[in-house]
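Student: using only what follows, build the 3D model:
(chains A, B, C and D)
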4 protein chains.
Amino acid sequence: MKTKKVAIVGASGYSGEVLVQLLLNHPHAELVAVTSRSNAGQTLAQVFPKFASHPKSKTLRFVEPNAELLAKQADVVFLALPHGVAAEYAVPLVNAGCVVIDLSADFRLKSADIYKEFYAHDHPAPELLKKSVYGLPEIYREEIKKSLLIASPGCYPTSILLPVIPLLKAGLIKSAGIIADSLSGVSGAGRKAEIDYLFCECNESVRPYGVPKHRHLSEIEEQLSFAAGTKVTIQFTPHLIPVNRGILTTLYLTPEKHFCSGTGVSAVSSKSEMISMEELAEKISACYAKAYGHEPFVRLLEGKALPDTKNVVGTNVCEIAWRLDPRTGRLIVMSAEDNIVKGASGQAVQSMNLICGWPETAGLV
Amino acid sequence: MKTKKVAIVGASGYSGEVLVQLLLNHPHAELVAVTSRSNAGQTLAQVFPKFASHPKSKTLRFVEPNAELLAKQADVVFLALPHGVAAEYAVPLVNAGCVVIDLSADFRLKSADIYKEFYAHDHPAPELLKKSVYGLPEIYREEIKKSLLIASPGCYPTSILLPVIPLLKAGLIKSAGIIADSLSGVSGAGRKAEIDYLFCECNESVRPYGVPKHRHLSEIEEQLSFAAGTKVTIQFTPHLIPVNRGILTTLYLTPEKHFCSGTGVSAVSSKSEMISMEELAEKISACYAKAYGHEPFVRLLEGKALPDTKNVVGTNVCEIAWRLDPRTGRLIVMSAEDNIVKGASGQAVQSMNLICGWPETAGLV
Amino acid sequence: MKTKKVAIVGASGYSGEVLVQLLLNHPHAELVAVTSRSNAGQTLAQVFPKFASHPKSKTLRFVEPNAELLAKQADVVFLALPHGVAAEYAVPLVNAGCVVIDLSADFRLKSADIYKEFYAHDHPAPELLKKSVYGLPEIYREEIKKSLLIASPGCYPTSILLPVIPLLKAGLIKSAGIIADSLSGVSGAGRKAEIDYLFCECNESVRPYGVPKHRHLSEIEEQLSFAAGTKVTIQFTPHLIPVNRGILTTLYLTPEKHFCSGTGVSAVSSKSEMISMEELAEKISACYAKAYGHEPFVRLLEGKALPDTKNVVGTNVCEIAWRLDPRTGRLIVMSAEDNIVKGASGQAVQSMNLICGWPETAGLV
Amino acid sequence: MKTKKVAIVGASGYSGEVLVQLLLNHPHAELVAVTSRSNAGQTLAQVFPKFASHPKSKTLRFVEPNAELLAKQADVVFLALPHGVAAEYAVPLVNAGCVVIDLSADFRLKSADIYKEFYAHDHPAPELLKKSVYGLPEIYREEIKKSLLIASPGCYPTSILLPVIPLLKAGLIKSAGIIADSLSGVSGAGRKAEIDYLFCECNESVRPYGVPKHRHLSEIEEQLSFAAGTKVTIQFTPHLIPVNRGILTTLYLTPEKHFCSGTGVSAVSSKSEMISMEELAEKISACYAKAYGHEPFVRLLEGKALPDTKNVVGTNVCEIAWRLDPRTGRLIVMSAEDNIVKGASGQAVQSMNLICGWPETAGLV
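Tutor: As a prediction, this is how the structure comes out:
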């Protein structure tokens, strides 16, 4: 398979670091450039001692970001930059014919208005919104293959969309009333020198934040609306927990049909809307099996197993388990992922693999 | 004030340890006996080096539990035992005229049938269920003062009941559809030698458990039903997070009346059921101020502050904050407490203070 | 006992926070002023939600530091400031007749030259060095009582000096070849927005730093030299470990006399310099019992117990245990303390208690 | 390259788990059997959900250990068993012609007497001690290639021997007076249900243990004695710190020759034994470069960098840095490794690679 040259713009943050790790060890990609204003001039080995055993780490140096130069050096460019800034690089790189995989929020929304509502500034390049594809391979695999501009999904959205979209598409749950309660490791806040993310402020601490309107709601709701075919508004509460990496999301969903069981309580308005708990369970099971049974990066848990971030950290896998609660009539779905891998850099590499025609799992197992 | 003699049965677990700490330093209680089968014969200082600076720690020794003997030695007996076992001690101690403060689940429910449903064995002393008072001082202060048998609430229930009961009583929220998503530190699992709670199994891990029917549901729902005047069934999902102590609960509630705001979206079936967001916010604020404005151990957060377990760990305080979400029409309430203090031993001491006629905050600030 | 008015300059760091906590709850001190440039105007409750239950937290507001004003308001002023800056406040406050308890390094050394060698700038007020007393109460109790300027010891020095000074004074160990290997929680780095102390940089990480010449060496060696009556040079290696609070120090010492045991190996140059292991153990035991047997804040561990930071965090206690190693002829001494309490703010309050004629343990148990 | 069949006896502990991970992904080894008394009958995916994405995890089931059967199934057998038990399997497997790589202490010592002194029982198979090779590839590469019985080194020993052996062999340091102060993550205690290793007992705790005579001393001293050509006795203090994985060792060594520098202090008995600090630094640097400059799994840190466990966890690399201290005349060497990889399972795989004639780094990068 033909090797491609890849570059990372903004390679010194946590997502950038994992991109470096994945691309240094990728069988078909050749990492040719890494940029970072603060680390320009230093080698990979100096900035990331953990990669020092890789031969390239002693020779590849961080440089100041320069879109023109990058366009000449690289076939594929990853942008691990803040929103607003990413678009500044995406525009010239796309115009120069590079494949751009953007890990920021800049191209995730189809609506520039919603972008402005959630990000508090005008969209920097609205003309590109039509060209970009939301880089969730399990949902948009074919579109990704044909795109030159990938908007790689946010970490929270990935943990919510993967479990919910198949159920919505299959009409198994109501599109109203969805609640997503998410717990994230501290790396989600980025490698920023802020008091709030100091060790002593996060260790032995658990706290909600961004209640009730976190920015990630915009892309979650847009994607769920596409899946449901109707406007979806959800409740989303993120919490910060003292782990380095990992997101655990618990979803509270309402089945489209009431269900009942021997031990359950279920208020039923009409026989025709009713379903047995066993039958509903089979439908959900079949829905997930169809959606993800052959996906390399979605693990459907069986038996008594429930998701645990420690089983996915360091991998590109999203674990999913679910339970029907006959007492409340709800469906509880739980997911776990590594917020920096499946929730960011791993998924971005997965998109690259699709675009380049490589095995989707290349460099990810 | 007259000093009373107190004993702790089962003093070597995490709740027992905090009881020892609180009672060693209590201005009116004199700790006269601590029991533990596994540590019998050892001094407090040997079992808990951290208390070794207290003069009594070198002389007070753990003994085998013996209800008859305890009844002679102590005016007040705390039971920090597993459910089922606690009742074996409570019966003779209550009969002997001791004040019994039970930290187990044995006397929390009024219904022996629900006890059996959730704890999988017959209630060991159903005749005492009528005598016991649920030891949540902010709700049952007057009843506690007159009782000889206190069923001190569970840790999760405390974090849920304190925020929800005033809203239900005031008719501000619907009793249906309540969701409680809780995150607990590992001490909640007790000082038990089990693989699941080893450092390496919990550190860098976040996981749900007991989905969808955790035992604490029984007392939560019974108490919420009392408050609502109707049977309440809730959704409750506990999660284990890598901190020693602390519970953070996020509650998803539906206001009784639809509310709307300039920016919000609100489907309204009839004008008369509608309320402005500002008006509803004032009602909630007034409800909490009335319920807890003068409570020493409930902290109503103001402004942008949200609960954080690190602000309550080591104290008997429960923090509460809330947000109305005009996008979804929901009320989000968040609480934080120390699961071993307000969620167990501190609250038990608070009940003792009430029964003994001491200041409610004695030994707790 | 007469109450005194106290102020804290630089109250928003970790040491400042613990000073606030201790002084809010002190039976004889009245906290009248807290300063912080960044938090000026905010109440204690706003900056430290965990103190919000204290009545004074809603009224006491942070102000800009102003030595003249502080001198009028307070009898005792604590300085929780960086070295170099502390002296700027100490000079006018001492001149105005205040008791000044400085938690910085500015007045810990008697030699302005050594200060310059280790802190890389001229001493800002060398004339005060003669007036200041090193605030280690177990060693300088009488001097502290008579002083108006206390140089409260550093966290590492406290954990090293308490175990070593009695042995040196008693001539039980050689003054040459001392090694101190210390492990500190991250709060020791202060509440500073630096990448190195972010949660994700410290969690799941252990690392040495400041090798081989950490600044604290200057005061450690000066104090050990006073105790030994000869110049002492030691080896000191600090390490950063992922806990919030706590220092664990392991000391490698050489007994003045060779010792031997039945199982041990001991190269002895002359019979007269030799001692049996049992006899040496008794001497060490007696030395520590004499030095600390009645000290409220030093805990001499017995039997198989070894220090553990979790047994001292949140207290003003320093735990000490020791072992003779007949295989190597060395004495291993281990200590544990809370770096912010006995290693900083608690010890500073202990000095205040002595100066003010209050019980030494007031507000500290 | 020809694939070999490998088995793991005792695959459910932490070392076993990492062996499973490494062997499932090894390019030349085929994992054919995993044994565990407690998990017999379950698949790899059931016991280790994190490996569930590997195709073999659904079919390979744990079985009861049976040496005879294993000898038929596997070319190479890893023993991840307690000492004493490992030998029971090693004897029949070696006799049957299998390559045995033992991760226990059973074959690490050449002296059955020292084994008995440190492990408190007779050596179970002293006749095999002559056949076994100490599996530290950087030191015994050629011997390993020819051996059928590898005694894979302990975690602490690896972190001490790699930095010290080259210095001793080169005569650069004295063999007397060596001190090793080590900090280990909790996985070093194994996956055992013991109170001491519960999350709440280890989190926010730092503590020494096994002072002054830890079992690992036996193999450390035997190996150092081989390197020095004289009997070496060292001081070794292990500490438990709250991380999952990683060992950080700080070594206090004395150069064979006194050294001096412009700023240093150095008591010199005779000119001929003296050396300049710069010259000594060059010799040490050259010694390490010669020993490890081409080693794939030893990383010699340069410039200001110091070891940090977070840079080696998950890898088979041991980081080494050193500093000369002109104030004390000592050489401080620091190392970091993953206790379960380079300190156990990774190193065991490295030995297998050598024996089987595969690239030494196969399956380890």
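
Student: for chain D, what are the nearby residues on chain A?
Tutor: Residues of chain A lying close to chain D (CB under 8 Å from any CB of the partner chain) are A:25, A:46, A:49-50, A:52-53, A:204, A:296-297, A:299, A:301, A:303, A:305, A:308, A:310-312, A:314-315, A:317, A:319, A:365. Quick note: C-beta positions are derived from backbone N, CA and C, even for glycine.

Student: same thing but 10 Å
Tutor: Proximity of chain A to chain D, by CB under 10 Å from any CB of the partner chain, involves residues A:25, A:45-46, A:48-54, A:203-204, A:242, A:244, A:295-303, A:305-308, A:310-317, A:319, A:336, A:361, A:365.

Student: pLDDT below threshold where in chain A?
Tutor: Counting by pLDDT under 70, chain A shows low-confidence ranges at A:262-272.

Student: where exactly do the helices run in it?
Tutor: A:14-24, A:44-47, A:67-73, A:85-95, A:112-119, A:137-145, A:155-169, A:199-202, A:216-228, A:277-292, A:346-356 (DSSP state H).

Student: quick one: closest of these to chain C.
Tutor: helix A:199-202 (4.0 Å; CB to the nearest CB).

Student: helices or strands up against that closest one?
Tutor: Applying 3 or more CB pairs under 10 Å, 6 or more residues apart in numbering or on different chains; DSSP states H and E, one finds that helix A:199-202 contacts helix C:199-202.

Student: so what touches the helix it packs on?
Tutor: Applying CB atoms under 10 Å, 6 or more residues apart in numbering or on different chains, the set of residues contacting helix C:199-202 from outside is A:14, A:185-191, A:196-203, A:205, A:240, A:242-245, A:340, C:185-186, C:189, C:194-196, C:207, C:240-244, D:308, D:310.

Student: so how far is it off the chain centroid?
Tutor: 25 Å (CA atoms, centre = their mean, to the nearest Å).

Student: cool, stretch A:275-285 as well?
Tutor: The answer for stretch A:275-285 is 29 Å, by CA atoms, centre = their mean.

Student: then stretch A:324-331?
Tutor: Counting by CA atoms, centre = their mean, stretch A:324-331 is centred 28 Å from the centre of its parent chain.

Student: next, the distance between the ends of it.
Tutor: 5 Å (CA to CA, to the nearest Å).

Student: what about residue A:288, how many residues nearby?
Tutor: 21 (other CB atoms under 10 Å in any protein chain shown).

Student: swap in residue A:121?
Tutor: 9.

Student: could you do the one 10 residues further on as well?
Tutor: Taking other CB under 10 Å as the criterion, the count of residues near residue A:131 is 15.

Student: now it: how far from residue A:94?
Tutor: 7 Å (CB to CB, to the nearest Å).

Student: overlap in contacts, the two.
Tutor: A:100, A:107, A:125, A:148, A:149.

Student: I'd say the second one and residue A:119 touch.
Tutor: Read it as residue A:107. No: at 12.0 Å, residue A:107 does not count as touching residue A:119 under the criterion of CB atoms under 10 Å.

Student: name the residues contacting each of the two.
Tutor: residue A:83.

Student: please say which of those two ends up with more neighbours.
Tutor: Between residue A:107 and residue A:119, counted using other CB under 10 Å, residue A:107 has the larger neighbour count: 29 against 17.

Student: for residue A:97, see how far away the more buried one is.
Tutor: Distance from residue A:107 to residue A:97, by CB to CB: 17 Å.

Student: spell out which parts of the stretch 1-150 of chain A neighbour chain C.
Tutor: A:12, A:14, A:38.

Student: got a list of what the closest residue to the first one other than its chain neighbours touches?
Tutor: With CB to CB, 6 or more residues apart in numbering or on different chains as the criterion, residue A:12 has its nearest non-adjacent residue at 4.0 Å, and that residue is residue A:36. Neighbouring residues of residue A:36 by CB under 10 Å, 6+ apart: A:8-13, A:16, A:42, A:47, A:62-65, A:80.

Student: of these, which is the nearest to chain B?
Tutor: Among the contacts of residue A:36, and counting by CB to the nearest CB, the member closest to chain B is residue A:13, at 20.2 Å.

Student: give the contact list for that closest one.
Tutor: A:19, A:36, A:80, A:81, A:82, A:103, A:187, A:190, A:191, A:192, A:340, A:344.

Student: which one of the residues you listed is nearest to chain C?
Tutor: Among those, and counting by CB to the nearest CB, the member closest to chain C is residue A:187, at 5.0 Å.

Student: would you turn the helices of chain A into JSON lines with distance to residue B:154?
Tutor: Output for the helices of chain A, formatted as JSON lines (distance: least, CB to CB, whole Å):
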{"stretch": "helix A:14-24", "distance to residue B:154": "38"}
{"stretch": "helix A:44-47", "distance to residue B:154": "49"}
{"stretch": "helix A:67-73", "distance to residue B:154": "58"}
{"stretch": "helix A:85-95", "distance to residue B:154": "48"}
{"stretch": "helix A:112-119", "distance to residue B:154": "39"}
{"stretch": "helix A:137-145", "distance to residue B:154": "40"}
{"stretch": "helix A:155-169", "distance to residue B:154": "29"}
{"stretch": "helix A:199-202", "distance to residue B:154": "27"}
{"stretch": "helix A:216-228", "distance to residue B:154": "33"}
{"stretch": "helix A:277-292", "distance to residue B:154": "28"}
{"stretch": "helix A:346-356", "distance to residue B:154": "40"}
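
Student: and of the ones you listed, who's closest to residue C:348?
Tutor: In terms of CB to CB, the element of the helices of chain A nearest to residue C:348 is helix A:199-202, at 19.6 Å.

Student: farthest-apart pair in the shared contacts of residue A:131 and residue A:94, please.
Tutor: A:125 and A:148 (13.8 Å).

Student: overlap of the contact sets of these two?
Tutor: A:94, A:131, A:132.

Student: skip the chain neighbours and tell me the closest residue to the last one.
Tutor: Spatially, and ignoring its direct neighbours in sequence, residue A:132 is nearest to residue A:107 (3.7 Å; CB to CB, 6+ apart).

Student: touching, residue A:357 and residue A:99? I think so.
Tutor: No: using CB under 10 Å, residue A:357 makes no contact with residue A:99, being 11.6 Å away.

Student: between these two, which one's more packed in?
Tutor: For residue A:357 versus residue A:99, the count of surrounding residues by other CB under 10 Å is larger for residue A:99: 21 against 11.

Student: follow-up on the earlier one: closest to residue B:177 out of the shared contacts of residue A:131 and residue A:94?
Tutor: Closest to residue B:177, out of all of the shared contacts of residue A:131 and residue A:94 and judged by CB to CB, is residue A:107, at 36.8 Å.
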